[in-house]
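In: Could you work out the structure for the sequence below:
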Amino acid sequence: MPEGHTVHRLADALTELYGGQRLEVSSPQGRFAAGAARLNGQILLGAQAHGKQLFLPFAPAPDLPQDAPDVTWVRIHLGLYGSWTFAGDSAFTAPHSIGAPRRRVGERGEHALAHGGGSALSGLDGQEPAPAAPGQWAPPEPRGAVRLRLAGEHGVADLTGPTACELLDADGVAAVRRRLGPDPLRPDADPKDFITGVRRRKRTIGELLMDQSILAGVGNIYRAEVLFRVGLSPFRQGKRISAKRLQEIWDDLVPLMEYGVATGFITTVDAAEAPEPLPEGDAEAGRWYVYHRALRPCLRCGTRIAEREVGGRRLFWCPTCQAY
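Out: Purely as a prediction, here's the structure:
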């Protein structure tokens, strides 16, 4: 499942590509046909992310405030299999694909828009032709079960396989957001809400970091890596962790996730600790301390990395560096 930084990158992409434009909206698959018909011909005011939730506000006029009654929102959750795919002419700059399963987080093809990407990715591997010039491009036929298609003058964005794709009003959006914990990537987030939420609970910190009502946007990779970086056992109860240690988690997550938004990569290993050359068969050591490195030596102490299934997800940690 894409982690929160991917959804924020997606919100930035949609805002840059379509913000302020009147769009053609359709549902080639048909499952969102009524919703698409309601949005067709309206203006996308921008896009927002909160954790793993994406919110798209549409309005009949560009100057409406987002909480106006005439604004209709689309809430999208990619889940395990959701993905957005972009295509367009040479004036359409976008990531080729964001989400899962077509590209895993960090694979080539996820680039920040400000630094290139999108239709400019065509021809990188010599397998696709360069994009057509404006006026010479036609939208491709939908591929797969496309739930939602957004079409502008220079390109299209196709959504396939989401867990959720529904219409909401402003009150509905507020209700969803109230159920979510603070998002380290949002400027309105308050880490005190995260700290209070953890310290009230008996569950382990390894479980709580994956609870979107406690902390929005963190997934399995960031969970494992931030706990290693702050030296905290994933099995320590939330109520037994000091506010200072929890603030350390928050303060470490913010720049890690901001880097993910900027680059499309989850990289948590400090440059000074990255092994050179990389150990044979351990490419992950160049980007992650513990995630997917079970039985391989810890980059700091040499202890073998441990793995256990917790809540249906694989958890990785160093038994020495994270003993307490």
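In: a helix runs through Thr6, doesn't it?
Out: Yes: per DSSP: H, G, I helix; E, B strand; the rest coil, Thr6 lies within a helix segment.
In: what's around it, how many residues?
Out: Neighbour count for Thr6, taken as other CB atoms under 10 Å: 29. In this view, the C-beta of every residue, glycine as well, is placed from N, C-alpha and C.
In: now do Met1
Out: For Met1, using other CB under 10 Å, the count is 17.
In: Kindly report the same for Gln237.
Out: The tally of other residues near Gln237 (other CB under 10 Å) stands at 16.
In: Then Glu307?
Out: Glu307 has 17 nearby residues by other CB under 10 Å.
In: Which of the three states applies to the closest residue to it other than its chain neighbours?
Out: Nearest non-adjacent residue to Glu307, counting by CB to CB, 6 or more residues apart in numbering: Ala294, 3.8 Å away. Following three-state DSSP, Ala294 is assigned to coil.
In: Next up, the contacts around Ala294.
Out: Counting by CB atoms under 8 Å, 6 or more residues apart in numbering, Ala294 makes contact with 304-307, 316.
In: nearest to Leu209, of the residues you listed?
Out: Distances from Leu209 to these, taken as CB to CB, are shortest for Phe316 (13.0 Å).
In: Enumerate every residue touching Arg147.
Out: Residues in contact with Arg147, defined by CB under 8 Å, 6+ apart, are 27, 29, 31-32, 159-162, 165.
In: And the buried ones among those residues, selectable in PyMOL?
Out: The following PyMOL line selects those of these that are buried, judged by 16 or more other CB atoms under 10 Å:
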select buried, resi 27+29+32+159+160+161+162+165
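In: ok, of the contacts of Arg147, which one's closest to Asn40?
Out: Nearest to Asn40 among the contacts of Arg147: Ser27, at 9.8 Å, using CB to CB.
In: related to what we said a few turns ago, which two of the contacts of Arg147 have the greatest separation?
Out: So for the contacts of Arg147, where distance means CB to CB, the most widely separated pair is Ser27 and Gly161, at 13.4 Å.
In: still on that earlier bit, tell me the pLDDT at the residue nearest to Glu307?
Out: On pLDDT, Ala294 comes in at 97.
In: Point out where the stretch 101-250 of the chain drops to low pLDDT.
Out: Counting by pLDDT under 70, the stretch 101-250 of the chain contains low-confidence ranges at 101-129.
In: Which parts of it are strands?
Out: 146-151, 155-160, 164-168 (DSSP state E, counting those that start in this stretch).
In: Tell me who's in contact with Gly311.
Out: Here Gly311 is in contact with 207, 210 (criterion: CB under 8 Å, 6+ apart).
In: For it, give its distance to Arg201.
Out: Distance of Gly311 to Arg201, computed by CB to CB, to the nearest Å: 14 Å.
In: Over to Leu246?
Out: Counting by CB to CB, the gap between Leu246 and Arg201 amounts to 12 Å.
In: Of those two, which one has the most company?
Out: Neighbour tally, Leu246 and Arg201, criterion other CB under 10 Å: the higher count belongs to Leu246, 24 against 15.
In: wouldn't that one be in contact with Val198 here?
Out: Yes: in this structure, Leu246 is within contact of Val198 by CB atoms under 8 Å, at 5.6 Å.
In: now, which of the contacts of Ala294 sits nearest Gly206?
Out: Phe316 (10.1 Å).
In: Could you look up the SS state of that closest one?
Out: Phe316 - assigned by three-state DSSP - is strand.
In: residues contacting the nearest residue to it once chain neighbours are set aside?
Out: With CB to CB, 6+ apart as the criterion, Phe316 has its nearest non-adjacent residue at 4.2 Å, and that residue is Val290. Going by CB under 8 Å, 6+ apart, Val290 touches 224-225, 228, 298, 305, 316-318.
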